[in-house]
Each structure stands twice: as structure tokens, then as C-alpha cells.
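A.B. asks: build me a model:
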Amino acid sequence: MTKLLVCPVCKSTNLDLDTGGYTGKYKCKNCGYVGFAIEMTEGEYKEMLESEEVPEMKEKKVKKPEDIKKLDGIH
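C.D. replies: Residues are numbered from 1 along each chain as shown. You can find the predicted model right below:
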């Protein structure tokens with residue numbers, strides 16, 4: 001069973017150790033994220049990608065700053 005390291009931001013598996021591995025953090029070559037990676041099996045990774053929503057649906061759920069202020073009671 002092969003384990004993969006996955007970027008928690010963009011879900012890429014294109015990671016390298018940051019600072020030569022001294023910090024235990026990884027750098028994503030895709031989005032530039034530096035931090036800890038998620039370790040999962042190939043099956044878990046495939047399942048995660050298949051369960052992702054369609055990008056158009058995600059965009060509709062993102063709130064505008066004005067909407068967030070209204071929800072917080074700040075006008």
C-alpha cells in the first residue's frame with residue numbers, strides 16, 4: 001500500500017521537503033504552500049478527488065465580503 005503526501009491547500013501530490021527536512025514541513029510545487037502535508041493511501045486520495053464538488057458549485061458558496069458583514073451584524 002503506497003502512501004502519498006498531499007497538499008492541504010490545492011490537493012497536489014507534488015511536494016518537496018522544505019529547508020532540507022529540518023523543520024519537518026513540506027513545500028508544494030503547485031501552489032507554494034509551506035507546512036505540514038496530509039498522508040493518505042492512493043485509494044483515499046482517489047476517493048477524495050472523486051468526492052470534490054464541481055468548481056462552479058464551490059464558487060456559488062463563496063460569500064462576498066458584504067454578505068459576511070451582514071451576517072456578522074456589521075454594516
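A.B. asks: now do the strands in the protein.
C.D. replies: With strands called from DSSP state E, the chain shows them at 3-6, 15-17, 26-28, 34-35, 38-41.
A.B. asks: can you tell me the closest non-neighbouring residue to residue 16?
C.D. replies: residue 27 (5.5 Å; C-beta to C-beta, 6 or more residues apart in numbering). No exception for glycine: its C-beta is placed from N, CA and C like everyone else's.
A.B. asks: out of the strands of the chain, which one sits most buried?
C.D. replies: Using mean count of other C-beta atoms under 10 Å, the stretch among the strands of the chain with the largest mean neighbour count is strand 26-28, at a mean of 20.
A.B. asks: sorry, back to before: so the residue nearest to residue 16 touches residue 20, yeah?
C.D. replies: No: checked against C-beta atoms under 8 Å, the pair residue 27 and residue 20 is beyond contact range at 11.0 Å.
A.B. asks: nearest residue to residue 17 in space, please, no chain neighbours.
C.D. replies: Here the nearest residue to residue 17 in space, its sequence neighbours aside, is residue 26; by C-beta to C-beta, 6+ apart that works out to 6.1 Å.
A.B. asks: please apply the same query to residue 19.
C.D. replies: residue 25 is the one closest to residue 19 (C-beta to C-beta, 6+ apart), at 7.3 Å.
A.B. asks: pLDDT score assigned to the one you found?
C.D. replies: If you check residue 25, the pLDDT there is 94.
A.B. asks: wait, what's in contact with it?
C.D. replies: With contact taken as C-beta atoms under 8 Å, 6 or more residues apart in numbering, residue 25 is in contact with 17, 18, 19, 34, 35, 36.
A.B. asks: for this protein, which helix is longest?
C.D. replies: Longest helix in the chain by number of residues, with DSSP state H as the criterion: helix 42-51.
A.B. asks: burial count for the closest residue to residue 12 other than its chain neighbours?
C.D. replies: The shortest distance from residue 12 to any residue other than its chain neighbours is 3.8 Å, reached at residue 30 (C-beta to C-beta, 6+ apart). By other C-beta atoms under 10 Å, the residues close to residue 30 number 13.
A.B. asks: list the contacts of residue 30.
C.D. replies: Neighbouring residues of residue 30 by C-beta under 8 Å, 6+ apart: 7, 10, 12, 14.
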